[in-house]
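[1] got a predicted model here, sequence first, then my questions.
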Amino acid sequence: MASQIGIGKCWAFNDDEQPPYPTIELTVSSADRKASISPKVDTGFNGSLALGREAVRKVRLTARGTVLIKAATGHNEVPVYAVKIYQPDLALTFTTLAIGTERSLAGRKLLEHRTWLLDCKRRRFCITTSRPATND
Amino acid sequence: MMRPFVEAIRTFRWEPFRSVDLVERLGYASGYARNFLSQATRQGLLIVESKRGKKEKTFRANPDVVREIVLRGGKEKTELLEALGLHSKFLGQYVALRGFSVVDHDADVYRLAERVFPDTEAQDDVVITNVGTPKKILTVEI
């Protein structure tokens, strides 16, 4: 059956740097703390979530190990955290590994299996929805 | 301090050893061996195991140190994992360690974390780390 693509929840680009960049909103939590974050959508990141120092401090996460990652500047060793992610608009609730980096990032693993709209004209990043096509 | 500690792990793993073993197996001068044992015990790297009736003390590597070294990362971590023999078995993979024991391993760090940390509080005595350069390395392009 043919379907049309609709637009669901959208998140505004963050314009604290130029050009503005896409973000999504997530709630991250540890055993006893939670915080809302707006990580930068980074399709060059093949993991799920990277947390900046401020987010790590807010949620009071403790490192559960260290792993080697490949960054633009070369290889780096970064801490890893076990963190719970909650995103009601995407029906997401799961525990995952987050890496500690300079800034918070949402990677491809978090975006996979969904269709997204990168709307640079309206400066928004949206989840799309499918609905049956009408004949008119 | 870390070099003789790593050498002791490479040689004795988590088995007990004596000062004389450092002299005979590692070729250390007896004064150096005694000094190392004294300092490493003070720093918590080694645990003293005094056995009743035995004149000479025996020592054993403290398993809690593995977690500390993994979390510090860097060259010491690499040397420790190599001394534990993990490079020959798990090179390019991620391992979950509890003390000196590998409790799980996987080429994919997320698959490993799903099993080891099913929730945020699970197994807080376990640490995850890479052995060598991971075949499935995480990349961040900024």
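    Cool, got the structure. A quick note: this is a predicted structure, and the numbers were derived from the prediction, not measured.

[2] use CA for all of it now, contacts and neighbours both
    Fine.

[3] burial check on residue A:89, number of neighbours?
    Look at residue A:89: counted by other CA atoms under 10 Å in any protein chain shown, it has 12 neighbours.

[4] could you point out which element follows the longest strand that chain A contains?
    Longest strand in chain A, counting residues (DSSP state E): strand A:74-87. Proceeding N to C from strand A:74-87, the next assigned helix or strand is strand A:92-100, under DSSP states H and E.

[5] wait, does the next helix or strand after that next one make contact with chain B?
    Per DSSP H and E, strand A:92-100 leads on to strand A:105-106 as the next helix or strand towards the C-terminus. No: using CA under 8 Å from any CA of the partner chain, strand A:105-106 stays clear of chain B, with a minimum separation of 9.1 Å.

[6] contacts for strand A:105-106, please.
    Residues from elsewhere that reach strand A:105-106, judged by CA atoms under 8 Å, 6 or more residues apart in numbering or on different chains: A:23-24, A:39-42, A:45, A:47-51.

[7] who does that strand pair up with?
    strand A:40-41 (parallel), strand A:49-51 (antiparallel) (DSSP bridges).

[8] which parts of the longest strand of chain A are buried?
    A:77-86 (16 or more other CA atoms under 10 Å in any protein chain shown).

[9] packing partners of that strand?
    strand A:26-29, strand A:65-71, strand A:92-100 (3 or more CA pairs under 8 Å, 6 or more residues apart in numbering or on different chains; DSSP states H and E).

[10] relative to residue A:6, which of the ones you listed is closest?
    Closest approach to residue A:6 among those is made by strand A:92-100 (19.8 Å; CA to CA).

[11] low pLDDT regions in chain A?
    Low-confidence segments of chain A (pLDDT under 70): A:1-2, A:131-136.

[12] nice, that's everything, thank you.
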